[in-house]
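Engineer: sharing a model that was predicted from the sequence below.
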Amino acid sequence: QVQLVESGGGSVQAGGSLRLSCAASGRTFSSLSMGWFRQAPGKEREFVAAISWSGGSTYYADSVKGRFTISRDNAKNTVYLQMNSLKPEDTAVYYCAASDRILNTRTLYTPPGYNYWGQGTQVTVSS
């Protein structure tokens, strides 16, 4: 089992920045692929970013590419999402996810590819 706890959400004006953190416990963190998803009211959960177990590979949704950066510190069992130039459409609950499976280019971007989830943290961007 893996426990994930997100932090760092909040309210910010458009153009501002936030950094989300996700602390993991229960498994060897360096063996897990990690991802961030988000879900706005009335919408499906969508992929935001992912990072390989080593941190050597990162993946982003087109909507956040160039504005968000995913990183991980395996010594601290933590994955981060640095969000810059935030827009009102970034408003959502952000979820940290972990996978102990081998992800391919299809499952990497979809919720079923991940078998552990955090409780979510709210991000609100006002115009």
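Structural biologist: That came in fine, so what should we check first?
Engineer: middle-most residue in the chain, spatially?
Structural biologist: For the chain, the residue whose C-alpha lies nearest the mean C-alpha position (CA atoms, centre = their mean) is residue 36; its distance is 1.8 Å.
Engineer: low-confidence ranges in this protein?
Structural biologist: Of all residues in the chain, none has pLDDT under 70.
Engineer: quick check: beta-bridge partners of the closest residue in space to residue 7 that isn't next to it in sequence?
Structural biologist: For residue 7, ignoring the flanking residues on the chain, the nearest one in space by CB to CB, 6 or more residues apart in numbering is residue 21 at 5.1 Å. Yep, even glycine has a C-beta here, placed from its N, CA and C like the rest. The partner list for residue 21 in beta bridges (DSSP bridges) reads residue 7, residue 80.
Engineer: wait, residue 119 touches residue 3, no?
Structural biologist: No - applying CB atoms under 8 Å as the test, residue 119 and residue 3 come out as separate, 10.0 Å apart.
Engineer: ok, the residue nearest to the centre of the chain to residue 78 distance?
Structural biologist: In this structure, residue 36 lies at 13 Å from residue 78, with CB to CB, to the nearest Å as the measure.
Engineer: for those two, list the residues in contact with both.
Structural biologist: With CB atoms under 8 Å, 6 or more residues apart in numbering applied, the overlap between the contact sets of residue 36 and residue 78 consists of residue 22.
Engineer: picking up where we left off before, what about the residue nearest to residue 7, neighbour count?
Structural biologist: Other residues within reach of residue 21, judged by other CB atoms under 10 Å, total 17.
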